[in-house]
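>>> I would like to see how this sequence folds:
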Amino acid sequence: MRLAIYTGIILAGGYVGLTPALAADPTGDWRVADGVANIRVAQCNGSMWGAVSWEKQPGGRDENNPDVSKKNRPTLGMATLIDMKKAAGAEQWEGQVYNAKDGQMYSATITPVGTDQLEIKGCVLGFLCGGETWTRVGPPIPLSASNAMAKGAPKTIGAAPKAATTPPAAAPAPATTAPKNAAVAAKPGQKTATADPVGDICLLPEITGFAH
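Numbering: from 1, shown residues only. From the prediction side, this is the model:
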């Protein structure tokens, strides 16, 4: 059974130039299989998280959520990959995925395949498993200072240098994604978006508060 997973962020144009060294990095922007949306995946709070950062049909709402208080929340910026932990001895991350098409959570794994594909699989109660393959449309995302200082982030000797060196590297990310998002939002001659509507997903309240 195919697991229909709603996600979103799409960036106009392809991303080129990934090196084999980044093959196992699941962070970055990924286009879902049916092309209606992309997911931005980043390391937050010591885990991998994914959130909707672009929708083919703007203005989506989480109307199938069984929690009445969330039925009207925007799907843009909504967490879809939930608290995914690195599996021991494998280039795979395990956690949960939220499927807005039925408002349910599923056990799930994400596995990078080469440099430009991410395989996602989900199961209901350990069976009825299905999945799909996403295509990379944005480069891996460096661990930002905000991610390193997030609640629950690993406090290791190596964490401080990484956080200290990444702000310069992290700064260009919005600059590279914003023009692509702008290209999707408008045609030549029309007004264009100048900022990424989602930005650093680790700063989204839903992720920083672990409140899905």
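>>> show me where the protein has strands.
Secondary structure of the chain (DSSP state E): strands located at 28-31, 37-44, 47-55, 79-86, 93-99, 104-113, 117-124, 127-136.
>>> Nearest to Thr208, out of those strands?
Evaluated with CB to CB, those place strand 37-44 nearest to Thr208, the distance being 7.7 Å. Bear in mind the C-beta positions are built from the backbone N, C-alpha and C, glycine included.
>>> returning to that earlier point: just the strands of the chain: most buried one?
With neighbours defined by mean count of other CB atoms under 10 Å, none of those is more surrounded on average than strand 37-44, at a mean of 28.
>>> what pLDDT, on average, does it get?
Confidence over strand 37-44 (mean pLDDT, whole number) is 94.
>>> Which strands and helices lie in contact with that strand?
strand 28-31, strand 47-55, strand 79-86, helix 145-148 (3 or more CB pairs under 8 Å, 6 or more residues apart in numbering; DSSP states H and E).
>>> at 6 Å instead, please
Helices and strands in packing contact with strand 37-44 are listed as strand 28-31, strand 47-55; criterion 3 or more CB pairs under 6 Å, 6 or more residues apart in numbering; DSSP states H and E.
>>> what inclination does it have with respect to strand 127-136?
Orientation check (axes from the mean of the first three to the mean of the last three CA atoms, to 10 degrees): strand 37-44 against strand 127-136 gives 90 degrees.
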